[in-house]
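# only geometry, no sequence info:
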């Protein structure tokens, strides 16, 4: 093929952020307060509303600590555990690079492990196997493509082993409804179903961990415990990982729209994938997940690498966006080549056949029909 690539007519992803009319009341509050960062009133309100959304079954709501982004949230949660330098931390082979970046930035050593063939997740059972082979000091299971981790299973794992479990639930808001035995971290990046443009938050029922994450996000400055050190003194090496009032404003407006948008996402995914499943001769496998899962992306698992490549080429020729989400696998990136790992045959097989296709709330019926027609052409 020569010449410039075809123009993308059906984009893979379109961010869904609040319109000005939804956002304006929060921006007006910033103008009135003149408080722009450093744990302002909108940040506090966002934390309270998010915490209330995790309240289940009569249990008290967990604590939410907002941060500048989801990656720094994972890093600070791991640093708050006060693990020995270079301690091994279990991570899945199939995840976004931010998972490994956060572990390394926390001064720890990722250990890459295989995933479940049906859910595509790192599971408590596989973590048991890893802990029998490596002196694992923490686990970072991922809510892959937003699909939730088994928090009850991880709670039992933690009770058996004492190993902390820091769930990377970046795209899992609405699905990962419990923080697990240690904590869960969510992203509010512009591409996530609940978006603030940029940002993230840590959810935990461990008050000590929450205090440590908040202090670490503010350069490690002691602001709450005059008995341990003078107020204003740095008692731990932190960073500037706070959320601004502007991002909190966008997050609050997104949260206002969440009930409507989550219903629309579920309905769109169901209708879209039913059309794809009905294509004669197209053999696809789908990630095992709860029926009410709020999807962030749409990933096909084709029947062979050859078919994946043909589908990718066909959709590209039609100006339809695609992406090999989370690929290459974690240990295949040059910067991560030194990480410890064992063979990951399941993740390797998935990597050969996975392909992300367009999915977002702006995907109208005509665009969906174009995607289905392109898939039909290579079935």
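Received, thanks. Predicted model only: the values in this text are computed from it and were never measured.
# CA only for contacts and neighbour counts going forward, please
Noted.
# low pLDDT regions in this protein?
1-6 (pLDDT under 70).
# can you do 50?
For the chain, the stretches flagged by pLDDT under 50 are 1.
# domains for it, by residue range?
Domain segmentation of the chain under automatic domain parsing yields 20-254, 258-377.
# and the longest one, how far from the chain's centre?
Think domain 20-254. 10 Å (C-alpha atoms, centre = their mean, to the nearest Å).
# now, of the domains of the chain, which is deepest in the fold?
Highest mean neighbour count among the domains of the chain (mean count of other C-alpha atoms under 10 Å): domain 20-254, with a mean of 21.
# pull up the distance across that one, start to finish.
Terminal residues of domain 20-254 lie 11 Å apart, using C-alpha to C-alpha, to the nearest Å.
# would you list every one of the strands in the stretch 101-250 of the chain?
For the stretch 101-250 of the chain, the strands defined by DSSP state E, counting those that start in this stretch occupy 109-113, 138-139, 166-168, 183-187, 200-204.
# hmm, back to that, how about the domains of the chain, which one is nearest residue 10?
Smallest distance to residue 10 across the domains of the chain (C-alpha to C-alpha): 4.7 Å, for domain 258-377.
# so how far is the first residue of that closest one from its last?
36 Å.
# which helix in the chain runs the most residues?
helix 245-277 (DSSP state H).
# ok and that one relative to strand 200-204, angle-wise?
90 degrees (axes from the mean of the first three to the mean of the last three C-alpha atoms, to 10 degrees).
# looking at the strands of the stretch 101-250 of the chain, which is nearest to residue 51?
Of the strands of the stretch 101-250 of the chain, nearest to residue 51 by C-alpha to C-alpha is strand 200-204, at 7.4 Å.
# and the closest one, which strands flank it?
strand 63-67 (antiparallel), strand 183-187 (antiparallel) (DSSP bridges).
# distance to residue 136 added to those strands, as CSV?
Shown next, in CSV, are the strands paired with strand 200-204 (distance: least, C-alpha to C-alpha, whole Å):
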stretch, distance to residue 136
strand 63-67, 26
strand 183-187, 17
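# which residue packs closest to residue 163, ignoring adjacent ones?
Leaving aside its sequence neighbours, residue 163 sits nearest to residue 138 (C-alpha to C-alpha, 6 or more residues apart in numbering; 5.4 Å).
# who are the contact partners of that neighbour?
88-90, 163-166 (C-alpha atoms under 8 Å, 6 or more residues apart in numbering).
# how about a cut-off of 7 Å?
89-90, 163-165 (C-alpha atoms under 7 Å, 6 or more residues apart in numbering).
# before we move on, what about residue 91?
110-113, 139-141.
# now the spatially most central residue of the chain, what are its backbone angles?
The chain has residue 170 as the residue nearest its centroid, 1.5 Å off, counting by C-alpha atoms, centre = their mean. Backbone torsions for residue 170, taken as degrees, to the nearest 10, come to phi -50, psi -50.
# surely it is in contact with residue 185?
Yes - counting by C-alpha atoms under 7 Å, residue 185 is a contact partner of residue 170 at 6.3 Å.
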